[in-house]
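Novice: Sequence first, then the predicted structure, then my questions.
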Amino acid sequence: MTQTLGLIAGRGHFPFAIAASLRRQGWRVVAVGFHGETEPDLEGHVDEFACFHLGQVEAILDRLKAAGVRDAVMAGGILKTRLNAGIEALRPDARAISVFTRLRDRKDDSILGALADELASEDITLRSQPDLVPDLFPGQGPLGRVEPSALQLRDIAFGWPIAKTIGGLDVGQSVVIKDRAVMALEAIEGTDAAILRGGNLAGGGGCVVKVAKPAQDLRFDLPTFGTRTIANLAEVKIGCLAFEAGRTVLVDREAVVSAADAHGIAVVGFGPEGPASEESA
């Protein structure tokens, strides 16, 4: 019998990529999305699809249960500013209000962890993304023809612990570095805006370092990049993207590698400690 998996889908192309991977594995995919966040075209890439307002927690759970979902996965982010948009935009039901009043803070991990708890209370298990779709998590080494220079490796080594620190604080997952100086730290605006801001301040050159949190929950909020990331790097003339191998989602690998090579951008994965000391000396 075909197993059913619930896909809680946010912004971007990651929900499409994860749905395609899951269906190749034989899963029946039932997706729930969010008005103003999830792309409506996702409906054509899954077996069932329904859209809700962010605060309709009870309705979302009812939909998943009615479809026979016992396992679920999250894919795609929600703009953090949307979570602070007010009652009218969120339209919270009683269950959502109960969840939010129990939160200690509004950090990503706190909100997503609370949603995972609500799923568990309905006997729905939120699954690890790397376990479900390992093909979307590239390993160590350069992805294309371009390799990082010695200067870029020094910048990556400098920025890696900084990115890990802000990740540990649940502030962001990316930093922009040039000549071992911080140009930008990702916060509520997201990676794309941080890249553009940092790149403009750098005036060309530099690196982006993108890592998982030190205590990353593999069920949600893993770092992600795709073709839009490469386009933003090219726009501000940043020549290198370093990511944490095995814990970073790569959407549309072939197109990303092609675009990075065309723009002369090094895209390279490192282990959890970043570049080895001999590389960054």
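Specialist: Received it, and whenever you're ready, just let me know what you need. Residues are numbered from 1 along each chain as shown.
Novice: Which secondary structure state does residue 73 sit in?
Specialist: Counting by DSSP: H, G, I helix; E, B strand; the rest coil, the backbone at residue 73 sits in strand.
Novice: How many neighbouring residues does it have?
Specialist: Using other CB atoms under 10 Å, the number of residues around residue 73 comes to 25. For the C-beta atoms, the positions are set from N, CA and C on the backbone; glycine is no exception.
Novice: Same check on the one 5 residues further on?
Specialist: Applying other CB under 10 Å, we find 18 other residues in the vicinity of residue 78.
Novice: Are we agreed that it is in a strand?
Specialist: No - read with three-state DSSP, residue 78 is coil and lies in no strand.
Novice: how far away is it from residue 120?
Specialist: Remark: distance between residue 78 and residue 120 (CB to CB, to the nearest Å) = 20 Å.
Novice: do the same with residue 240
Specialist: For residue 240, the distance to residue 120 - CB to CB - is 40 Å.
Novice: which one of these two has more residues nearby?
Specialist: It is residue 240, of residue 240 and residue 120, that has more neighbours when counted by other CB under 10 Å, with 26 against 11.
Novice: Now do the strands in the stretch 1-150 of the chain.
Specialist: Using DSSP state E, counting those that start in this stretch, the strands of the stretch 1-150 of the chain run over residues 4-9, 28-34, 48-52, 71-75, 125-126, 141-142.
Novice: Give me whichever of those is most buried.
Specialist: Mean neighbour count (mean count of other CB atoms under 10 Å) peaks for strand 4-9 among the strands of the stretch 1-150 of the chain, with a mean of 25.
Novice: and that one, what does it pack onto?
Specialist: Here strand 4-9 touches helix 14-24, strand 28-34, strand 71-75, going by 3 or more CB pairs under 8 Å, 6 or more residues apart in numbering; DSSP states H and E.
Novice: Report the contact partners of residue 133.
Specialist: If you count contacts by CB atoms under 8 Å, 6 or more residues apart in numbering, residue 133 has them with 17, 18, 21, 22, 73.
Novice: picking up where we left off before, which one of the helices and strands packed on strand 4-9 lies nearest to residue 45?
Specialist: Among the helices and strands packed on strand 4-9, the nearest to residue 45 by CB to CB is helix 14-24 (5.0 Å).
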